[in-house]
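A.B. asks: Turn this into a model:
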Amino acid sequence: MEKFTFEEGLKRLEDIVEKLEEGNVPLEDAIKLYEEGMKLAKSLKEKLDEIEMKVEKLMETEKGFKTEEFKHRTEDEG
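C.D. replies: A predicted model of the protein is given here:
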């Protein structure tokens, strides 16, 4: 899959969903769009996971600021 920004990928996924919801797409094309959408959704989730791991939380301390690793939220936590 080609390189794209998160925003570009999300826009493409939205376009795919819109086309599929309209229902005017021939079956063969709908299947191709669905497959592209599923791959794109997976790729976007991977990008989000990467970003989440890089996020740092700034906390003010007496001496200024310090960084703290972002705690990954599990699905159980909601």
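
A.B. asks: where do the strands sit along this protein?
C.D. replies: Under the criterion DSSP state E, the chain contains strands at 56-61, 64-69.

A.B. asks: and the ones you listed, which one's lowest on average pLDDT?
C.D. replies: Mean pLDDT is lowest for strand 56-61 among the strands of the chain, at a mean of 48.

A.B. asks: In this protein, where is pLDDT below threshold?
C.D. replies: For the chain, the stretches with pLDDT under 70 are 1-2, 55-78.

A.B. asks: which helix in it runs the most residues?
C.D. replies: The longest helix of the chain (DSSP state H) is helix 27-54.

A.B. asks: That helix: which residues count as buried?
C.D. replies: By neighbour count on 16 or more other C-beta atoms under 10 Å, the buried set for helix 27-54 is Leu33, Gly37, Leu40, Leu44. Every C-beta, even on glycine, is put in place using the N, C-alpha and C of the backbone.

A.B. asks: so can I have TSV of those showing distance to Leu10?
C.D. replies: Listed next are the buried residues of helix 27-54 as TSV, based on distance: C-beta to C-beta, whole Å:
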residue	distance to Leu10
Leu33	16
Gly37	11
Leu40	9
Leu44	6
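
A.B. asks: Just the closest of these to Arg12, please.
C.D. replies: Leu40 (6.2 Å; C-beta to C-beta).

A.B. asks: Identify the residues contacting that closest one.
C.D. replies: For Leu40, the contact set (C-beta atoms under 8 Å, 6 or more residues apart in numbering) comprises Met1, Gly9, Arg12, Leu13, Ile16.

A.B. asks: Separate out the buried members of those.
C.D. replies: By 16+ other C-beta under 10 Å, the contacts of Leu40 give Gly9, Leu13, Ile16 as buried.

A.B. asks: Cool, thanks, talk later.
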